[in-house]
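Student: Need coordinates for the following:
(2 chains)
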Protein chains: 2
Amino acid sequence: MSSPRSELLSINTATVRAQWNLLQIIDGCARHGIRMISPWRDQVAAVGLKEAAQRIRDNGLALSGYCRGGMFPAADRTGRKVALDDNRRAVDEALTLGAPCLVLVVGGLPKDPDGRIVSKDIIGAREMVRDGIGELLDYARSAGMPLAIEPLHPMYAAERACVNTMEHANDLCDELGAGVGIAVDVYHVWWDPHLKREIERAAGATPSRLLAYHICDWLVPTTDLLLDRGMMGDGVIDLPLIRSWMEQAGYRGAHEVEIFSANNWWKRDPDEVLLTCKFRHAEVS
Amino acid sequence: MSSPRSELLSINTATVRAQWNLLQIIDGCARHGIRMISPWRDQVAAVGLKEAAQRIRDNGLALSGYCRGGMFPAADRTGRKVALDDNRRAVDEALTLGAPCLVLVVGGLPKDPDGRIVSKDIIGAREMVRDGIGELLDYARSAGMPLAIEPLHPMYAAERACVNTMEHANDLCDELGAGVGIAVDVYHVWWDPHLKREIERAAGATPSRLLAYHICDWLVPTTDLLLDRGMMGDGVIDLPLIRSWMEQAGYRGAHEVEIFSANNWWKRDPDEVLLTCKFRHAEVS
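Tutor: This is a model prediction of the structure:
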């Protein structure tokens, strides 16, 4: 493709969320020549949707995605209705912000309104996810907003997402039809022996289901299940290999850096973090 | 089957390893009417192989497995040879102890002799695993000791085992032929959408590949990747459902409780731990 690698770099705003609010992140990315971001709903809400959209436009930034919808399973119909309504609002926000897709972290076992898991039925949870995406899809299709299912690592199956492989995400896309694709995050899927096959399968659909590509690294040791992701090059994921699979499958979209790192990157100077993202993206990913 | 459920309870000796040495564990299990154990090599070595074997016999205990062989990938041929030799000794020990199988934690990415990961090539690591099991199998077959591949949770892919699904373990068994089967540990595979299918596939082989069944629970939240396993009933795994799949597939072997729990069960009175294992095994698993 014609654009240089650096044009494809996007910063998921969670990567510097501990240091900066969204407006500061937008300014910081613009200052460092980073052209894309992927913001989170709570960060948008904290500064206001209109203000966020305006500042993104004013700085000439594009979005690589919007984080996030999902969390469909709930203890009862009321809970699932609340989740669906909230997801429709997420679609609206994604439209306002000009996002190319709404990323879905689909949810794990059903929870009650206080966040307590109320069932061990993961098969049933997966049905709620399928039905929830299906209902949201009616709305998202008419709004023209693609939904991107993000398979999460199996260690999040109980709490965050019971879709844990590319194969499962592809199966859901097969079942649900147009308007839904996949966000490939290396952190979640690097271990999967079927990763290459399922990337190719996703790309073989028309249009391609490869809607987003997230990068970071898997640290050894990993000291926290959620907040110990590594910067590209600091871990064990063969990032050039997985990128080559994405590219061979025809993916030409953003490389979105998403790092949750309570004890390292969230404690550093955010300008240093962005510079490191730029350097590592160019050199080792 | 005719024997009551309680006859099937086995204690993986890691469950009380922080409190007791192996001889104390043997005595404790005998005292509490627990008829089976699955000891670890380092615990056996600490008290002496002959002494351990004698004490197990004297107390009328049987083994449900021996932990563990594996760790095949290494940085070079010398490292892989060292691993293979060590695995042959593990087979010998398993024979001396009267174990029904040697459990294999196959290893993750290749390490150097100092334990540092030297490669990100997980596909190559999986080839080393296949070749390593294949070489060990020549020895294990002639010794009459079945090898049980234990698929480990994907969060251990880098460091401990790059075989992370039942499907992959079944594929390896297909390729390697007689003498190798699978140890099903709910902690590692509970999230897998293909779990039931792959249990049935394992059982469909002749003889059945279902060589061991390990139980514990997945805690929410989980605070440590390795040492925060839960007691049956304290987490989110639908243990009766998975047991029913094993039983429907014809499995009649032990239910082996294996809990690594640095901050909870390893700090409790070991007699209380064993009593809790007995109660929870009978009531909620």
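Student: From A:Ala46, how far off is the residue positioned nearest the centre of chain A?
Tutor: Central residue check for chain A by C-alpha atoms, centre = their mean: the C-alpha nearest the mean position is that of A:Val103, 5.0 Å away. The gap separating A:Val103 from A:Ala46 is 19 Å, by C-beta to C-beta, to the nearest Å. Where C-beta positions appear, they are placed from N, C-alpha and C, glycine not excepted.
Student: One more: A:Leu137?
Tutor: Taking C-beta to C-beta, one finds A:Leu137 at 29 Å from A:Ala46.
Student: These two: which is more packed in?
Tutor: Between A:Leu137 and A:Ala46, counted using other C-beta atoms under 10 Å in any protein chain shown, A:Leu137 has the larger neighbour count: 19 against 12.
Student: Checking my notes, that one in a helix, right?
Tutor: Yes - under DSSP: H, G, I helix; E, B strand; the rest coil, A:Leu137 falls within a helix.
Student: Just list the residues touching it, thanks.
Tutor: Taking C-beta atoms under 8 Å, 6 or more residues apart in numbering or on different chains as the contact definition, A:Leu137 lies against A:Leu147, A:Leu176, A:Gly177, A:Gly179, A:Val180.
Student: Next, count neighbours for the third one.
Tutor: Counted with other C-beta under 10 Å, the neighbours of A:Gly177 add up to 10.
Student: What of the fourth one?
Tutor: Neighbour count for A:Gly179, taken as other C-beta under 10 Å: 19.
Student: ok, now which ones touch it?
Tutor: By C-beta under 8 Å, 6+ apart, the contact set of A:Gly179 is A:Leu137, A:Ala140, A:Arg141, A:Pro146, A:Leu147.
Student: Make CSV from the residues you listed and add secondary structure, pLDDT and distance to B:Asp217 to it.
Tutor: Output for the contacts of A:Gly179, formatted as CSV (DSSP: H, G, I helix; E, B strand; the rest coil; pLDDT from 0 to 100; distance: C-beta to C-beta, whole Å):
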residue, secondary structure, pLDDT, distance to B:Asp217
A:Leu137, helix, 98, 35
A:Ala140, helix, 98, 37
A:Arg141, helix, 98, 40
A:Pro146, coil, 98, 38
A:Leu147, strand, 98, 33
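Student: Need the max-distance pair from those.
Tutor: A:Leu137 and A:Pro146 (9.9 Å; C-beta to C-beta).
Student: what two of the contacts of A:Leu137 are the furthest from one another?
Tutor: A:Leu147 and A:Gly177 (11.4 Å).
Student: can you give me the strands for chain A?
Tutor: Secondary structure of chain A (DSSP state E): strands located at A:9-12, A:36-38, A:62-63, A:66-70, A:102-105, A:147-149, A:180-185, A:210-215, A:255-257.
Student: Output these as TSV; include the columns distance to chain B.
Tutor: As requested, those are exported to TSV (distance: least, C-beta to the nearest C-beta, whole Å):
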stretch	distance to chain B
strand A:9-12	21
strand A:36-38	24
strand A:62-63	30
strand A:66-70	17
strand A:102-105	15
strand A:147-149	14
strand A:180-185	13
strand A:210-215	14
strand A:255-257	18
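Student: Most tightly packed of the ones you listed?
Tutor: Among the strands of chain A, ranked by average contacts under mean count of other C-beta atoms under 10 Å in any protein chain shown, first place goes to strand A:9-12 (a mean of 28).
Student: For that strand, which strands pair with it and how are they oriented?
Tutor: strand A:36-38 (parallel), strand A:255-257 (parallel) (DSSP bridges).
Student: and stretch A:235-243, which residues are buried?
Tutor: A:Gly235, A:Val236, A:Ile237, A:Asp238, A:Leu239, A:Ile242, A:Arg243 (16 or more other C-beta atoms under 10 Å in any protein chain shown).
Student: Looking at the residues you listed, which are in helices?
Tutor: A:Leu239, A:Ile242, A:Arg243 (DSSP state H).
Student: my read: the second one touches A:Trp190, true?
Tutor: By that I understand A:Ile242. Yes - using C-beta atoms under 8 Å, A:Ile242 is in contact with A:Trp190, at 6.7 Å.
Student: gap between the two ends of stretch A:244-254?
Tutor: 14 Å (C-alpha to C-alpha, to the nearest Å).
Student: Mind checking the pLDDT average for it?
Tutor: With pLDDT averaged residue by residue, stretch A:244-254 scores 98.
Student: about what we covered before: is it possible to get TSV of the ones in helices among the buried residues of stretch A:235-243 that adds distance to B:Asp171?
Tutor: Output for these, formatted as TSV (distance: C-beta to C-beta, whole Å):
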residue	distance to B:Asp171
A:Leu239	26
A:Ile242	22
A:Arg243	26
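Student: Rebuild those as JSON lines, extending it with distance to chain B.
Tutor: Formatted as JSON lines, these follow (distance: C-beta to the nearest C-beta, whole Å):
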{"residue": "A:Leu239", "distance to chain B": "9"}
{"residue": "A:Ile242", "distance to chain B": "10"}
{"residue": "A:Arg243", "distance to chain B": "13"}
